[in-house]
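Visitor: quick one: sequence plus predicted model below, questions after.
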Amino acid sequence: MLIPFSMKNCFQLLYNRQVPAASFKKTVKNGLIIHSISNDVYQNLAAEDWIHDHMNLEDKPILFFWRNSPSVVIGRHQNPWQECNLNLMREEGIKLARRRSGGGTVYHDMGNINLTFFTTKKKYDRMENLKLIVRALNAVQPQLDVQATKRFDLLLDGQFKISGTASKIGRTTAYHHCTLLCSTDGTFLSSLLKSPYQGIRSNATASIPSLVKNLLEKDPTLTCEVLMNAVATEYAAYHQTDNHIHLINPTDETLFPGINSKAKELQTWEWIYGKTPKFSINTSFNVLYEQSHLNIKVFIDIKNGRIEICNIEAPDHWLPLEILDKLNSSLVGSKFCPTETTMLTNILLRTCPQDHKLHSKWNILCEKIKGIM
Amino acid sequence: MAIMRAVLCSLCAVPAPAAPCLLRAWQLGAGVIRTLCTGLALLSVCKFIEKHEWITTENGIGTVGISNFAQEALGDVVYCSLLEVGTKLNKQDEFGALESVKAASELYSPLSGEVPEINEALAENPGLVNKFYYEDGCGSCL
């Protein structure tokens, strides 16, 4: 559904088709710049989806600024187990989101600016957008050496990535979004985006790791605010429009009817994990038993985030075969998720003989298995 | 590929059926998804939709693919996913997703139907989408 928009109460009027033509008088000349007041990654991604789905961008492109509290965002067709340290994220309370655009995995915090360029499908041009950002940066700091690459990255001093790009093309509209590293926690970024999971075989699109740097490290005057204003000014000049940045609340249902259910969907397990392309794990781990190490082999196939095939192999002198069989068959169909596995294995344990040694081995095994989730 | 082209050329000589065929599945590119036609179509029809997709039906089997124009516009396809066999689709429903070096995009069904077969090879080797397509010459079949 495409809706034309006006500058005055811009989004409020958008969805109401009963509004007479007179209210659309003060139409945006050639573009609109907006900034989300939310730092919630799901709400901001939902705002992107909403604009992409509902707005007619013919001659009226939009630039959207948004920042998120610490989150890891994976591309539409990526595998989070392959891309990031999920265990660390759970410990640190870092959100995981899957966006609808393609591309690779990124870490967001308040030191990173996200920019989304909304256009019609015809006007979709990533390089044009990146050149605009480069002009903006050079307007603030003429000495800055920033270049766009063929992969649509922005490199500082020819080697440090300060921006990565992803995009989505719909039936009539498209968006190109990119990050801009201003003052992000680089150490944390590196540890979060390093996957500890071994033995994954998958068709998912893989990220290309890069050396990154913050613009603030290069030049302390380049704060997030300075950068956003610079890009807004350049965008306004380019599109010959007002460079006023309009604040929007992406939870406001009167402005964006249906947006909260979009945000909800983005938070579901089915979307975040369930949309992972099918993959398999072929790995092993050791357990200590009577002063020697026993090797436990694991073969798991996962489809739609759920275990399709489960073969955990352990020597039967350590754990009886029928108990292992029970474990394997009960995991089939369950989510590849430590919480669900804990629940299942606890239930199973109650059906096992009341043997302290057995229980202890079981717990060791289950902890190891959850460790690969 | 050569066989497909030959088939397509012969389709051009055949008049379209009076009623549109209800395709029950469809193929994409190198072999998307076979559809079984539940309508009248014993006649073969070739139709291009907005330069991006083509459909052919022949003896109750319909096939949908993307055109050369579309695969060039996409750039190298790096990921392709299609619906499960057995899924029932309405026209305009999403039947799959593609990611190319250009962007991520959804694939929308031009027809209603059921999916009896999908091309598994595309998931393993998404680059195939770029390799197989109908020649532009058959646009006149419309």
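Guide: Thanks, I have it. Bear in mind that the values here come from a model prediction, so they are computed numbers and not experimental data. Numbers count the residues shown, from 1 in each chain, chains lettered A, B, ... in the order given.
Visitor: quick check, pLDDT for residue B:35.
Guide: Looking at residue B:35, its pLDDT stands at 38.
Visitor: what of residue B:140?
Guide: Reported pLDDT at residue B:140 in the predicted model: 23.
Visitor: how about residue B:92?
Guide: Per-residue pLDDT puts residue B:92 at 77.
Visitor: contact partners for the nearest residue to it once chain neighbours are set aside?
Guide: If you skip the residues right next to it in sequence, residue B:92 has residue B:108 as its closest partner in space, 5.5 Å away by C-beta to C-beta, 6 or more residues apart in numbering or on different chains. The way it works is simple: take the backbone N, C-alpha and C, and place the C-beta from them, glycine included. The contact partners of residue B:108, taken as C-beta atoms under 8 Å, 6 or more residues apart in numbering or on different chains, are A:171, B:92-95.
Visitor: with residue A:120 instead?
Guide: If a contact means C-beta under 8 Å, 6+ apart, then residue A:120 has A:57-58, A:61, A:172-174 as its contacts.
Visitor: what of residue B:104?
Guide: Taking C-beta under 8 Å, 6+ apart as the criterion, residue B:104 is in contact with A:75-77, A:100-103, A:166-169, B:97-98.
Visitor: closest one to residue A:127 out of those, please.
Guide: Compare each of those with residue A:127 using C-beta to C-beta and the shortest gap goes to residue A:167, at 11.8 Å.
Visitor: and that closest one, what are its bridge partners?
Guide: In this structure, residue A:167 has beta-bridge partners residue A:176, where bridges are defined by DSSP bridges.
Visitor: I'd say it and residue A:173 touch.
Guide: No: at 11.3 Å, residue A:167 and residue A:173 do not qualify as touching, with contact defined as C-beta atoms under 8 Å.
Visitor: next step: the contacts of residue B:104 restricted to strands.
Guide: Per DSSP state E, strands hold the following members of the contacts of residue B:104: A:166-169, B:97-98.
Visitor: any chance of these in TSV, plus neighbour count?
Guide: Converted to TSV, the ones in strands among the contacts of residue B:104 look like this (neighbours: other C-beta atoms under 10 Å in any protein chain shown):
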residue	neighbour count
A:166	25
A:167	23
A:168	25
A:169	23
B:97	19
B:98	28
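Visitor: between these, which is closest to residue A:121?
Guide: Taking C-beta to C-beta as the measure, residue A:121 lies nearest residue A:169 of the ones in strands among the contacts of residue B:104, at 6.0 Å.
Visitor: wait, what's in contact with the closest one?
Guide: Applying C-beta under 8 Å, 6+ apart, we find residue A:169 in contact with A:121, A:124, B:102-105.
Visitor: out of the residues you listed, which are buried?
Guide: In the contacts of residue A:169, burial by neighbour count holds for A:124, B:102-105, counting by 16 or more other C-beta atoms under 10 Å in any protein chain shown.
Visitor: and stretch A:283-298, how far apart are its ends?
Guide: With C-alpha to C-alpha, to the nearest Å as the measure, the first residue of stretch A:283-298 is 5 Å from its last.
Visitor: skip the chain neighbours and tell me the closest residue to residue A:155.
Guide: With C-beta to C-beta, 6+ apart as the criterion, residue A:155 has its nearest non-adjacent residue at 5.4 Å, and that residue is residue A:147.
Visitor: show me which residues of the stretch 101-250 of chain A sit near chain B.
Guide: Listed as neighbours of chain B in the stretch 101-250 of chain A under the rule C-beta under 8 Å from any C-beta of the partner chain: A:101-103, A:124, A:166-171, A:174, A:176, A:203-205.
Visitor: could you redo the last one with a cut-off of 6 Å?
Guide: A:101-102, A:167-169, A:205 (C-beta under 6 Å from any C-beta of the partner chain).
Visitor: need the residues you listed in JSON lines (columns: pLDDT).
Guide: Written out in JSON lines, the entries for these read as follows (pLDDT from 0 to 100):
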{"residue": "A:101", "pLDDT": "96"}
{"residue": "A:102", "pLDDT": "95"}
{"residue": "A:167", "pLDDT": "96"}
{"residue": "A:168", "pLDDT": "96"}
{"residue": "A:169", "pLDDT": "93"}
{"residue": "A:205", "pLDDT": "93"}
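Visitor: distance to residue A:39 added to those, as TSV?
Guide: Converted to TSV, these look like this (distance: C-beta to C-beta, whole Å):
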residue	distance to residue A:39
A:101	20
A:102	24
A:167	23
A:168	22
A:169	27
A:205	27
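Visitor: what's the most distant pair in those residues?
Guide: Every pair in those was compared (C-beta to C-beta); the two farthest apart turn out to be A:169 and A:205, at 15.9 Å.
Visitor: what's the closest of the contacts of residue A:169 to residue A:308?
Guide: Comparing these against residue A:308 with C-beta to C-beta places residue B:104 closest, at 25.1 Å.
Visitor: specify the beta-bridge partners of the closest one.
Guide: Beta-bridge pairing of residue B:104 under DSSP bridges involves residue A:168, residue B:99.
Visitor: tell me the pLDDT of it.
Guide: Per-residue confidence at residue B:104 stands at 94 (pLDDT).
Visitor: before we move on, the earlier item: of the contacts of residue A:120, just the buried ones, ChimeraX syntax please.
Guide: Selection of the buried residues among those in ChimeraX, burial being defined by 16+ other C-beta under 10 Å:
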select /A:57,61,173,174
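Visitor: quick one: residue B:70 is in a helix?
Guide: Yes: looking at residue B:70 with DSSP: H, G, I helix; E, B strand; the rest coil, it is inside a helix.
Visitor: and for it, the neighbour number?
Guide: One way to gauge burial is a neighbour count; for residue B:70, by other C-beta atoms under 10 Å in any protein chain shown, it gives 18.
Visitor: which helix or which strand is home to the residue nearest to residue A:155?
Guide: Assignment of secondary structure by DSSP states H and E places residue A:147 within strand A:146-148.
Visitor: against which helices or strands is that strand packed?
Guide: Helices and strands in packing contact with strand A:146-148 are listed as helix A:126-140, strand A:154-156; criterion 3 or more C-beta pairs under 6 Å, 6 or more residues apart in numbering or on different chains; DSSP states H and E.
Visitor: which secondary structure elements does the last one sit against?
Guide: So the one you mean is strand A:154-156. When contacts are defined as 3+ C-beta pairs under 6 Å, 6+ apart, strand A:154-156 sits against strand A:146-148, strand A:160-163.
Visitor: check the first one too.
Guide: Using 3+ C-beta pairs under 6 Å, 6+ apart as the contact test, the elements touching helix A:126-140 are strand A:146-148, helix A:224-239.
Visitor: so for it, mean pLDDT?
Guide: 98.
Visitor: can you list the buried residues in that helix?
Guide: Counting neighbours by 16+ other C-beta under 10 Å, one finds that the buried residues in helix A:126-140 are A:126, A:129-130, A:132-137, A:140.
Visitor: quick one: which of these is nearest chain B?
Guide: If you rank the buried residues of helix A:126-140 by distance to chain B using C-beta to the nearest C-beta, residue A:126 comes first, at 8.6 Å.
Visitor: next up, the contacts around that closest one.
Guide: When the contact criterion is C-beta atoms under 6 Å, 6 or more residues apart in numbering or on different chains, the partners of residue A:126 are A:152, A:165, A:176.
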